[in-house]
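Enquirer: I need the structure of the sequence given here:
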Amino acid sequence: MYCYIITLDLNNKENDYSELVKAIKKLGNCRKALNSCWIVETTVKSNDIARYLSNYIEDDDRLFVGKLSGEATWINVLCEDEWLKDNL
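Expert: Residues are numbered from 1 along each chain as shown. Okay, the predicted model is just below:
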């Protein structure tokens, strides 16, 4: 298993991105860390994650997928601190 950070700039405020959220959740054990930032534990590689999620975003949206090294610091994230500690 790998732990990835997925960050997004969703530029179309009028779009319904609910299918994108469902797609992220299908990748594996995940939590929303910030409004447009997810942490996902999965066996899927970063380039495959990006290709998969590109089907759910617009051409002017932005997507970044990065493998986490296990070291991180955070303040006031949306998910549980213990989950992050256990999954990084």
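
Enquirer: lowest confidence element among the helices and strands of the protein?
Expert: Least confident helix or strand, the chain: helix 81-87 with a mean of 83, by mean pLDDT, DSSP states H and E.

Enquirer: Tell me the buried residues in stretch 34-44?
Expert: 37-42, 44 (16 or more other CB atoms under 10 Å). (Each C-beta comes from the backbone N, C-alpha and C, glycine too.)

Enquirer: Report the backbone C-alpha coordinates of that stretch in CSV.
Expert: This file holds the C-alpha atoms of stretch 34-44, laid out as CSV (Å, rounded to 0.1, in the frame of the first residue of the first chain):
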residue,chain,number,x,y,z
LEU,A,34,-8.5,20.1,3.4
ASN,A,35,-11.3,21.5,1.2
SER,A,36,-9.6,20.3,-2.0
CYS,A,37,-7.1,17.9,-0.6
TRP,A,38,-7.4,14.2,0.0
ILE,A,39,-5.1,11.6,1.5
VAL,A,40,-5.6,8.1,0.0
GLU,A,41,-4.1,4.8,1.0
THR,A,42,-4.1,2.6,-2.1
THR,A,43,-2.2,0.1,-4.3
VAL,A,44,-2.8,2.3,-7.4
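
Enquirer: What is the subsequent helix or strand relative to the lengthiest strand in the chain?
Expert: As assigned by DSSP state E, the longest strand anywhere in the chain is strand 2-9. With elements assigned by DSSP states H and E, the helix or strand that comes after strand 2-9 is helix 18-26.

Enquirer: Against which helices or strands is the helix or strand that that next one is followed by packed?
Expert: Toward the C-terminus, helix 18-26 is succeeded by strand 29-34 as the next helix or strand (DSSP H and E). Helices and strands touching strand 29-34, by 3 or more CB pairs under 8 Å, 6 or more residues apart in numbering; DSSP states H and E, are strand 37-42, helix 81-87.
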